[in-house]
Each structure stands twice: as structure tokens, then as C-alpha cells.
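Peer 1: Sequence and predicted structure below; questions after.
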Amino acid sequence: MSAPAETPPQTQPVGRIIAMPADTNPEGDIFGGWLLAQMDLAGATPAFELAHGRCATVALDGMVFHQPVAVGDEVSLYAHVVSSGRTSIRVHVEAWKRARTHPTNASVRVTQGVFTYVAIDQDRKPRPLPGRD
């Protein structure tokens, strides 16, 4: 399956990580759940900044994995807020990979999704975002 010709977002990535052997399935590909967890962490960064504190993940829009991630691939994660409500924040997250063994190769988008976070208080109850009381 070939990926469409695209370029990564022109913003700085929220995070970068190298896929390691411990994160693979028996066929040697990186588990989708590992990538999903990395994306959730990346999406929490702009959510936390907007909420000025703790957030909990409450939903994820459907995702399609366009490309597998292999051991040693460098995965870059990009995230930005797309909307917010009284307590919730929706963050678009993209994951891109680049083979470290071929540093001149272009990055390829692996997947993307919209994560929904809710700002929570010390009792883990929803709280209004700053300025939305």
C-alpha cells in the first residue's frame, strides 16, 4: 500500500520517539496500540496547555493505519487543538514515520485521529476550561 505524496505539518512536532523491538507483534511490526498510546500522550500536550492542568482522554475518532511502523523507525507526532467547549478539548494528532537507516528519505504519514480530552479537577470530575465558568 503506497502513501499519498504529502509533507508533514510545518510546525514543530509535539514528540519524537524511536520504535523499539519490545513494542512489536509476533510479525515484527509495531503494535497499533503502542502508536495509539504515543498519539494520546502527544494530544494531551496542547490539551493540558489550554486547560492549564489535568485532562482525561474520553474519546477518539476512528483511525486508519495507512502504513506499518518498523523497529528503528523515527515516529514524529504533531498535535493541535481543533475546537473546545466548556470542559472538553478536541485535538487533531498525526503520526509520521521516517526510517533512521535512510535519513534522506521523506517522512510518511502513518495515521491520524481526533482525540477528545476533558479538563478534570483533583477529584477527577470535569471542570470548566479557564475563562469558561
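Peer 2: Yep, it's here. None of the values given here were measured: they were computed from a predicted structure.
Peer 1: The nearest residue to residue 67 once chain neighbours are set aside: how many residues sit nearby?
Peer 2: In space, and not counting its chain neighbours, residue 67 is closest to residue 110: 5.0 Å by C-beta to C-beta, 6 or more residues apart in numbering. For the C-beta atoms, the positions are set from N, CA and C on the backbone; glycine is no exception. Using other C-beta atoms under 10 Å, residue 110 has 25 neighbouring residues.
Peer 1: Please enumerate the strands of the chain.
Peer 2: Along the chain, the segments classed as strands by DSSP state E run 15-18, 55-60, 73-84, 88-99, 108-119.
Peer 1: mind giving me a markdown table with those strands and columns for distance to residue 38 and mean pLDDT?
Peer 2: As requested, the strands of the chain are exported to a markdown table (distance: least, C-beta to C-beta, whole Å; pLDDT from 0 to 100):
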| stretch | distance to residue 38 | mean pLDDT |
| --- | --- | --- |
| strand 15-18 | 6 | 95 |
| strand 55-60 | 13 | 97 |
| strand 73-84 | 6 | 96 |
| strand 88-99 | 7 | 96 |
| strand 108-119 | 10 | 96 |
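Peer 1: Rebuild those strands as a markdown table, extending it with distance to residue 26.
Peer 2: As requested, those are arranged in a markdown table below (distance: least, C-beta to C-beta, whole Å):
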| stretch | distance to residue 26 |
| --- | --- |
| strand 15-18 | 21 |
| strand 55-60 | 25 |
| strand 73-84 | 18 |
| strand 88-99 | 20 |
| strand 108-119 | 20 |
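Peer 1: of all those strands, which lies closest to residue 32?
Peer 2: When the strands of the chain are compared by C-beta to C-beta, strand 108-119 sits nearest residue 32, at 8.3 Å.
Peer 1: With only the CA atoms kept, save that closest one in CSV.
Peer 2: Extracted in CSV, the C-alpha atoms of strand 108-119 (Å, rounded to 0.1, in the frame of the first residue of the first chain):
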residue,chain,number,x,y,z
VAL,A,108,5.3,9.2,5.6
ARG,A,109,2.1,9.8,7.4
VAL,A,110,1.2,6.6,9.3
THR,A,111,-2.2,7.6,10.8
GLN,A,112,-4.2,10.5,12.3
GLY,A,113,-7.1,11.0,14.6
VAL,A,114,-9.0,13.5,16.7
PHE,A,115,-8.8,12.9,20.4
THR,A,116,-11.2,14.4,22.9
TYR,A,117,-10.0,15.4,26.4
VAL,A,118,-11.9,16.7,29.3
ALA,A,119,-10.4,19.1,31.9
